[in-house]
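**Q** the following comprises the amino acid sequence and a computationally predicted model.
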Amino acid sequence: KVADLKGLKQGQLKLAVITTAKYFVPRLLGPFCQLYPGIDISLQVTNHERILERMVNNLDDLYIMSQVPENIDVNCQPFLDNPLVVFAPVNHPLAKETNIPIQRLAQEPFIMREPGSGTRRAVQSLFDEHEVAVNVKLELGSNEAIKQAIAGGLGISVLSRHTLIAESSELSILDVQHFPIKRTWYMVYPSGKQLSIVARTYYDYLINAAKNFIEQNTSFSWGTFEQF
Ligand code: PGA
């Protein structure tokens, strides 16, 4: 029987995902564990640099990240968009404006992720490209802490659109030129690595779940995030 076959899939699955994926991956673990009750999971959530370190040390079966490693030979499969957008408090004066010039952001106190963060790197490179020198008031190592700081009026920031789930009454997304920064989540593993049956099962499951997610959230496209 099918149920028996599924029961045969047993063992440990070790995942390491970048911080933004924690808004997506844990939710999908529930259905996965119901399908495969014999699989035990450990999930590390950390920033881009730490993920690279873990990969070099071969600590996990699979990795989810939004930037493919440059110096490690990997297999990678893009599976979902992960746009970075500008967040401000809901009552911020810029919240009502459209097509805000990127240079305008230099006049606002800015909250930045820690060194080693992929978000920080992407944001900094866009600002460098447009010669925008933001006024970094605060550096924080957590997307959640940054959202709280924005809501508390400490400044604006750029974060993954996926970090916004329930607090939409406190935060708004500003319509700034050159945003969103387009990024994509990838499922990654080192090229030389042979995936275990358990890891291969999860890999196929997640790619498929992401497809369904896109189909169910057809409003999820560049520029129209409202209903997502
Ligand atoms: P970060 O990565 O946590 O290193 O900023 C997030 C991302 O790349 O989506």
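**A** Right, received. Where do you want to start?
**Q** just how off-centre is the longest helix seen in the chain within its chain?
**A** Looking only at the chain and at elements set by DSSP state H, the helix with the highest residue count is helix 197-216. Averaged C-alpha coordinates place helix 197-216 at 16 Å from its chain's average position (C-alpha atoms, centre = their mean, to the nearest Å).
**Q** and the contacts of it?
**A** Residues external to helix 197-216 that are found in contact with it (C-beta atoms under 8 Å, 6 or more residues apart in numbering): 9-13, 15, 24-25, 28, 31-32, 35-36, 39, 61-62, 77, 79-80, 185, 187, 189, 195, 220. The way it works is simple: take the backbone N, C-alpha and C, and place the C-beta from them, glycine included.
**Q** run the last query once more with 6 Å
**A** Applying C-beta atoms under 6 Å, 6 or more residues apart in numbering, the set of residues contacting helix 197-216 from outside is 9, 11, 13, 28, 32, 39, 61-62, 79-80.
**Q** isn't Asn143 up against Thr163?
**A** Yes - judged on C-beta atoms under 6 Å, Asn143 makes contact with Thr163 at a distance of 4.6 Å.
**Q** and the end-to-end length of stretch 78-87?
**A** Start to finish, the residues bounding stretch 78-87 are 25 Å apart (C-alpha to C-alpha, to the nearest Å).
**Q** got a list of contacts for that stretch?
**A** 20, 66, 150, 157-161, 171, 173-174, 176, 179-187, 207, 210.
**Q** show me what from this structure comes close to the ligand.
**A** Within reach of the ligand by C-beta under 6 Å from any ligand atom, the chain has these residues: 18-20, 47-48, 66-67, 82, 113, 117-119, 160.
**Q** can you say which of the contacts of stretch 78-87 are buried?
**A** In terms of neighbour count (16 or more other C-beta atoms under 10 Å), the buried residues within the contacts of stretch 78-87 are 20, 66, 150, 157-161, 171, 173-174, 176, 179-181, 183, 185-187, 210.
**Q** return the subset of the residues you listed lying in helices.
**A** In this view, the buried ones among the contacts of stretch 78-87 that belong to helices under DSSP H are 150, 210.
**Q** what's the closest non-adjacent residue to Asn82?
**A** Taking C-beta to C-beta, 6 or more residues apart in numbering, and ignoring the residues beside it in sequence, Asn82 has Arg183 as its nearest neighbour in space, at 4.5 Å.
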